[in-house]
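> no sequence for this one, just the structure:
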(Lines give C-alpha, C1' and ligand atoms only; values in the text may rest on other atoms or scores of the structure.)
Protein backbone atom coordinates (compact mmCIF):
# COMPACT_ATOMS: atom_id res chain seq x y z
CA UNK A 1 0.00 0.00 0.00
CA UNK A 2 1.22 3.48 -0.85
CA UNK A 3 0.86 5.94 2.00
CA UNK A 4 -1.15 9.01 1.12
CA UNK A 5 0.02 12.46 2.17
CA UNK A 6 -2.05 14.45 4.63
CA UNK A 7 -2.44 17.50 2.41
CA UNK A 8 -1.54 19.02 -0.94
CA UNK A 9 -0.43 22.64 -1.14
CA UNK A 10 -2.59 24.72 -3.46
CA UNK A 11 0.56 25.80 -5.28
CA UNK A 12 1.07 22.20 -6.48
CA UNK A 13 -1.94 22.58 -8.76
CA UNK A 14 -0.01 25.28 -10.62
CA UNK A 15 2.82 22.86 -11.47
CA UNK A 16 3.54 21.30 -14.86
CA UNK A 17 1.19 18.38 -14.22
CA UNK A 18 -1.81 20.69 -14.76
CA UNK A 19 -0.23 23.19 -17.16
CA UNK A 20 -2.89 22.29 -19.76
CA UNK A 21 -5.46 24.05 -17.55
CA UNK A 22 -3.44 27.29 -17.71
CA UNK A 23 -4.24 28.21 -14.12
CA UNK A 24 -3.37 31.83 -13.29
CA UNK A 25 -3.49 33.37 -9.83
CA UNK A 26 -5.94 36.25 -9.77
CA UNK A 27 -5.43 37.17 -6.12
CA UNK A 28 -4.15 35.74 -2.84
CA UNK A 29 -0.78 34.60 -4.15
CA UNK A 30 0.72 35.03 -0.68
CA UNK A 31 -1.63 32.28 0.54
CA UNK A 32 -1.05 29.89 -2.35
CA UNK A 33 0.47 27.36 0.08
CA UNK A 34 -2.95 26.74 1.68
CA UNK A 35 -3.52 23.08 2.52
CA UNK A 36 -5.94 21.02 0.43
CA UNK A 37 -6.92 18.05 2.61
CA UNK A 38 -9.88 16.60 0.70
CA UNK A 39 -9.43 14.95 -2.72
CA UNK A 40 -12.98 15.82 -3.80
CA UNK A 41 -13.71 19.21 -5.33
CA UNK A 42 -16.95 21.17 -5.04
CA UNK A 43 -19.08 23.63 -6.96
CA UNK A 44 -20.40 26.08 -4.34
CA UNK A 45 -23.78 26.77 -5.94
CA UNK A 46 -25.73 25.81 -2.82
CA UNK A 47 -23.46 27.99 -0.68
CA UNK A 48 -24.15 31.00 -2.91
CA UNK A 49 -27.84 30.20 -2.39
CA UNK A 50 -27.37 30.43 1.38
CA UNK A 51 -26.74 26.82 2.41
CA UNK A 52 -23.25 27.28 3.87
CA UNK A 53 -23.07 23.84 5.53
CA UNK A 54 -22.56 22.44 2.03
CA UNK A 55 -18.98 23.75 1.97
CA UNK A 56 -16.63 21.09 3.36
CA UNK A 57 -13.28 22.19 4.84
CA UNK A 58 -10.17 21.58 2.77
CA UNK A 59 -11.92 21.24 -0.61
CA UNK A 60 -11.14 23.15 -3.78
CA UNK A 61 -14.14 25.19 -4.92
CA UNK A 62 -14.89 25.34 -8.66
CA UNK A 63 -16.87 28.38 -9.83
CA UNK A 64 -18.36 27.98 -13.30
CA UNK A 65 -20.81 29.76 -15.55
CA UNK A 66 -23.90 28.68 -13.58
CA UNK A 67 -22.47 30.10 -10.34
CA UNK A 68 -21.42 33.35 -12.01
CA UNK A 69 -24.89 33.82 -13.56
CA UNK A 70 -26.62 33.04 -10.26
CA UNK A 71 -24.44 35.55 -8.40
CA UNK A 72 -25.32 38.20 -10.99
CA UNK A 73 -29.03 37.61 -10.33
CA UNK A 74 -28.69 38.50 -6.62
CA UNK A 75 -29.15 42.01 -5.31
CA UNK A 76 -26.11 43.72 -3.82
CA UNK A 77 -26.97 43.29 -0.09
CA UNK A 78 -27.58 39.56 -0.62
CA UNK A 79 -24.32 39.17 -2.54
CA UNK A 80 -22.40 40.87 0.26
CA UNK A 81 -24.01 38.62 2.85
CA UNK A 82 -23.27 35.41 0.89
CA UNK A 83 -19.69 36.41 0.02
CA UNK A 84 -18.98 37.43 3.61
CA UNK A 85 -20.20 34.07 4.95
CA UNK A 86 -18.47 31.93 2.32
CA UNK A 87 -15.05 33.59 2.56
CA UNK A 88 -15.00 32.97 6.32
CA UNK A 89 -15.06 29.20 5.72
CA UNK A 90 -11.99 26.95 5.40
CA UNK A 91 -11.53 27.16 1.64
CA UNK A 92 -7.96 26.51 0.45
CA UNK A 93 -8.49 27.59 -3.18
CA UNK A 94 -11.11 28.79 -5.66
CA UNK A 95 -10.88 28.15 -9.40
CA UNK A 96 -13.00 30.16 -11.84
CA UNK A 97 -13.45 28.33 -15.15
CA UNK A 98 -14.12 29.28 -18.80
CA UNK A 99 -12.10 32.47 -18.39
CA UNK A 100 -15.02 34.12 -16.60
CA UNK A 101 -14.51 37.18 -14.39
CA UNK A 102 -15.55 36.69 -10.74
CA UNK A 103 -17.46 39.37 -8.87
CA UNK A 104 -15.04 42.13 -7.70
CA UNK A 105 -16.44 42.01 -4.17
CA UNK A 106 -15.78 38.27 -3.96
CA UNK A 107 -12.22 38.85 -5.18
CA UNK A 108 -11.62 41.55 -2.55
CA UNK A 109 -12.95 39.45 0.33
CA UNK A 110 -10.93 36.41 -0.79
CA UNK A 111 -7.75 38.52 -0.93
CA UNK A 112 -8.42 39.96 2.53
CA UNK A 113 -9.15 36.55 4.08
CA UNK A 114 -6.42 34.43 2.54
CA UNK A 115 -8.42 32.52 -0.08
CA UNK A 116 -6.49 32.39 -3.37
CA UNK A 117 -8.51 32.68 -6.59
CA UNK A 118 -7.20 31.22 -9.83
CA UNK A 119 -8.71 31.30 -13.30
CA UNK A 120 -8.70 28.83 -16.18
CA UNK A 121 -9.90 28.94 -19.77
CA UNK A 122 -10.99 25.30 -19.55
CA UNK A 123 -14.55 24.07 -19.01
CA UNK A 124 -15.67 23.24 -15.49
CA UNK A 125 -15.98 19.54 -16.33
CA UNK A 126 -12.38 19.42 -17.55
CA UNK A 127 -11.03 21.29 -14.52
CA UNK A 128 -12.98 19.08 -12.12
CA UNK A 129 -11.70 15.89 -13.74
CA UNK A 130 -8.06 16.95 -13.99
CA UNK A 131 -7.83 18.45 -10.50
CA UNK A 132 -9.66 15.50 -8.94
CA UNK A 133 -7.27 13.02 -10.58
CA UNK A 134 -4.22 14.83 -9.20
CA UNK A 135 -5.66 15.13 -5.70
CA UNK A 136 -6.81 11.51 -5.60
CA UNK A 137 -3.37 10.29 -6.67
CA UNK A 138 -1.77 12.11 -3.74
CA UNK A 139 -4.38 12.09 -0.99
CA UNK A 140 -6.03 8.67 -1.37
CA UNK A 141 -4.17 5.52 -0.20
CA UNK A 142 -3.59 2.99 -2.98
CA UNK A 143 -2.69 -0.70 -3.11
CA UNK A 144 -0.88 -2.64 -5.84
CA UNK A 145 -2.26 -6.08 -6.67
CA UNK A 146 -0.49 -8.55 -8.95
CA UNK A 147 -2.63 -10.81 -11.08
CA UNK A 148 -3.77 -11.73 -14.57
CA UNK A 149 -6.78 -10.07 -16.20
CA UNK A 150 -8.69 -12.28 -18.65
CA UNK A 151 -11.70 -11.68 -20.85
CA UNK A 152 -14.01 -14.69 -20.79
CA UNK A 153 -16.87 -14.24 -23.25
CA UNK A 154 -17.06 -10.51 -22.59
CA UNK A 155 -16.64 -10.80 -18.81
CA UNK A 156 -13.47 -9.43 -17.19
CA UNK A 157 -11.93 -11.90 -14.73
CA UNK A 158 -9.00 -11.02 -12.46
CA UNK A 159 -6.99 -14.08 -11.40
CA UNK A 160 -4.85 -13.66 -8.29
CA UNK A 161 -3.12 -16.08 -5.96
CA UNK A 162 -2.51 -14.66 -2.53
CA UNK A 163 0.62 -15.56 -0.62
CA UNK A 164 1.25 -17.67 1.34
CA UNK A 165 -0.62 -20.61 -0.21
CA UNK A 166 -2.73 -21.85 2.68
CA UNK A 167 -4.70 -25.10 2.34
CA UNK A 168 -7.89 -23.22 1.49
CA UNK A 169 -6.11 -21.16 -1.16
CA UNK A 170 -4.61 -24.30 -2.71
CA UNK A 171 -8.09 -25.75 -2.91
CA UNK A 172 -9.31 -22.55 -4.61
CA UNK A 173 -6.47 -22.80 -7.16
CA UNK A 174 -7.55 -26.31 -8.05
CA UNK A 175 -11.17 -25.22 -8.43
CA UNK A 176 -10.06 -22.32 -10.64
CA UNK A 177 -8.17 -24.72 -12.89
CA UNK A 178 -11.22 -26.95 -13.26
CA UNK A 179 -13.44 -23.95 -13.91
CA UNK A 180 -11.09 -22.61 -16.58
CA UNK A 181 -11.14 -25.94 -18.40
CA UNK A 182 -14.93 -26.12 -18.36
CA UNK A 183 -15.37 -22.52 -19.49
CA UNK A 184 -13.25 -23.01 -22.59
CA UNK A 185 -14.17 -26.59 -23.51
CA UNK A 186 -17.93 -26.81 -22.91
CA UNK A 187 -18.88 -24.19 -25.57
CA UNK A 188 -16.60 -26.03 -28.01
CA UNK A 189 -18.33 -29.31 -27.26
CA UNK A 190 -21.72 -27.80 -28.12
CA UNK A 191 -20.41 -26.50 -31.44
CA UNK A 192 -18.66 -29.80 -32.19
CA UNK A 193 -21.71 -32.00 -31.69
CA UNK A 194 -23.77 -29.68 -33.90
CA UNK A 195 -21.64 -30.68 -36.92
CA UNK A 196 -23.54 -33.94 -37.41
CA UNK A 197 -20.44 -36.16 -37.75
CA UNK A 198 -20.68 -40.00 -37.92
CA UNK A 199 -21.20 -41.65 -34.51
CA UNK A 200 -17.76 -43.40 -34.29
CA UNK A 201 -16.01 -40.09 -35.00
CA UNK A 202 -18.07 -38.30 -32.35
CA UNK A 203 -17.36 -41.03 -29.78
CA UNK A 204 -13.62 -40.96 -30.41
CA UNK A 205 -13.57 -37.17 -30.29
CA UNK A 206 -15.55 -37.16 -27.04
CA UNK A 207 -13.08 -39.64 -25.49
CA UNK A 208 -10.20 -37.45 -26.57
CA UNK A 209 -11.80 -34.31 -25.17
CA UNK A 210 -12.57 -36.02 -21.86
CA UNK A 211 -9.02 -37.35 -21.66
CA UNK A 212 -7.58 -33.90 -22.38
CA UNK A 213 -9.86 -32.34 -19.75
CA UNK A 214 -8.84 -34.96 -17.19
CA UNK A 215 -5.15 -34.42 -17.97
CA UNK A 216 -5.43 -30.67 -17.53
CA UNK A 217 -7.42 -31.09 -14.32
CA UNK A 218 -4.88 -33.58 -12.96
CA UNK A 219 -1.94 -31.34 -13.80
CA UNK A 220 -3.59 -28.27 -12.27
CA UNK A 221 -4.67 -29.99 -9.08
CA UNK A 222 -1.35 -31.78 -8.69
CA UNK A 223 0.54 -28.52 -9.11
CA UNK A 224 -1.59 -26.90 -6.42
CA UNK A 225 -1.01 -29.82 -4.04
CA UNK A 226 -4.53 -29.52 -2.72
CA UNK A 227 -5.12 -33.16 -1.85
CA UNK A 228 -2.25 -33.26 0.65
CA UNK A 229 -3.79 -30.49 2.68
CA UNK A 230 -7.46 -31.26 2.09
CA UNK A 231 -8.07 -32.43 5.70
CA UNK A 232 -6.53 -29.23 7.05
CA UNK A 233 -8.60 -27.13 4.64
CA UNK A 234 -11.79 -28.89 5.73
CA UNK A 235 -10.95 -28.21 9.38
CA UNK A 236 -10.36 -24.53 8.59
CA UNK A 237 -13.68 -24.33 6.76
CA UNK A 238 -15.44 -25.96 9.70
CA UNK A 239 -13.82 -23.46 12.05
CA UNK A 240 -14.91 -20.54 9.89
CA UNK A 241 -18.46 -21.93 9.72
CA UNK A 242 -18.59 -22.57 13.46
CA UNK A 243 -19.02 -26.35 13.05
CA UNK A 244 -18.02 -28.67 15.90
CA UNK A 245 -17.38 -25.76 18.23
CA UNK A 246 -18.26 -26.25 21.85
CA UNK A 247 -21.19 -24.09 23.00
CA UNK A 248 -20.28 -21.31 25.42
CA UNK A 249 -20.85 -22.10 29.07
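Arrived safely. No experiment lies behind these values; they were computed from the predicted model shown.

> in three-state terms, label the residue lying closest to residue 40 once chain neighbours are set aside for me.
Counting by CB to CB, 6 or more residues apart in numbering, residue 59 is the residue found nearest to residue 40 once chain neighbours are left out, at 6.1 Å. Every residue, glycine included, has its C-beta placed from N, CA and C. Secondary structure, DSSP: H, G, I helix; E, B strand; the rest coil: residue 59 is coil.

> I'd say residue 59 and residue 44 touch.
No: counting by CB atoms under 8 Å, residue 59 sits too far from residue 44 to count as a contact (9.3 Å).

> so where's this protein shaky on pLDDT?
1-4, 145-147, 152, 159-206, 208-210, 213-214, 216-249 (pLDDT under 70).

> how about the helices in this structure?
Counting by DSSP state H, one finds helices in the chain at the ranges 45-48, 65-73, 76-86, 104-112, 124-139, 167-193, 199-224, 230-241.

> what comes up buried for the first one?
Counting neighbours by 16 or more other CB atoms under 10 Å, one finds that the buried residues in helix 45-48 are 45, 47-48.

> what is the burial count for residue 83?
20 (other CB atoms under 10 Å).

> OK, contacts around it?
Residue 83 makes contact with 103, 105-106, 109, according to CB atoms under 8 Å, 6 or more residues apart in numbering.

> near the residue nearest to residue 40, how many other residues are there?
So residue 59, with other CB under 10 Å, has 21 neighbours.

> re the thing from before, ok, so of the contacts of residue 83, who is nearest residue 17?
Ranked by distance to residue 17 (CB to CB), these are led by residue 106 at 27.4 Å.

> that closest one and residue 85 touch, don't they?
No: at 11.7 Å, residue 106 does not count as touching residue 85 under the criterion of CB under 8 Å.

> so for the two, which sits in the more crowded spot?
Applying other CB under 10 Å to residue 106 and residue 85 shows that residue 106 carries more neighbours, namely 25 against 14.

> from residue 94, how far out is the more buried one?
According to CB to CB, to the nearest Å, residue 106 stands 8 Å off from residue 94.

> what do the two both touch?
residue 117.

> list the contacts for residue 127?
21, 62, 95, 97, 120.

> and which of those residues is nearest residue 68?
residue 97 (9.3 Å).
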